[in-house]
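K.L.:
Structure of the sequence below:
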Amino acid sequence: MAEDEEGNSYDFLKAEDRQRVRDRVLRDEPFIVIGAPCCRDYCDLNVNVNHPKMTPAERRRREVKREVLLRFAVEIYVMQLAAGRHFLHEHPHSATSWQMPEMVQMMMMNDVECVTCDMCAYGLTIVDPNGKAPAQKHTRLMSNAPEVLKRVSKK
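P.N.:
Next comes the predicted model:
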């Protein structure tokens, strides 16, 4: 969760908070922005298991929410690119978000590349009745910072 200078959390679903972030990116000129919008509703397993239990209104609300958050992240990445700065985006490799037109366009931009890593290489584990074990979780990372991608593409 991103916070402002006073430690207050941003709510990216609020237009005024999205504007505060745009203003901050313009003002602070960060070297790199890291985005990982909630991927729960881009995961086929979650959608297939949980969405049928929801009302159509709840499914639609979640769809709108996920798209607002992803589109805002892409907007910030484009701002970074236009200013000659960097971004890093993370979502599960199989997330349907990678097929959204905005993401496809980002991946086709000059200097933007993707790599896949396994989160177990960074210590991700799961716990079940048999104990604790590494969790592979294939994750795709997109960035215009080749050195960052090189360092985060562990398998």
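
K.L.:
what's around Trp98, how many residues?
P.N.:
Trp98 has 18 neighbours, counted by other Cβ atoms under 10 Å. C-betas here are computed from N, CA, C, even on glycine.

K.L.:
Check Val74 too.
P.N.:
Other residues near Val74 come to 20 when the count uses other Cβ under 10 Å.

K.L.:
how near is it to Tyr42?
P.N.:
14 Å (Cβ to Cβ, to the nearest Å).

K.L.:
centroid residue for the chain?
P.N.:
By Cα atoms, centre = their mean, the mean C-alpha position of the chain lies nearest to Ala36, the distance being 2.4 Å.

K.L.:
That one reaches Glu90, doesn't it?
P.N.:
Yes. Using Cβ atoms under 8 Å as the test, Ala36 is close enough to Glu90 to be in contact (4.3 Å).

K.L.:
in the chain, which spans are strands?
P.N.:
Counting by DSSP state E, the chain has strands at residues 32-35, 86-92, 113-118, 125-128, 131-134, 138-143.

K.L.:
quick one, what contacts Val74?
P.N.:
Glu102, Met103, Met106 (Cβ atoms under 8 Å, 6 or more residues apart in numbering).

K.L.:
Would you tell me which one of the residues you listed comes nearest to Ala135?
P.N.:
Met103 (24.1 Å; Cβ to Cβ).

K.L.:
List the contacts of the nearest residue to the closest one once chain neighbours are set aside.
P.N.:
Distances taken as Cβ to Cβ, 6 or more residues apart in numbering put Ser97 closest to Met103, at 5.9 Å, once the chain neighbours are dropped. Residues near Ser97 by Cβ under 8 Å, 6+ apart: Pro37, Cys39, Tyr42, Arg66, Leu70, His91, Met103.
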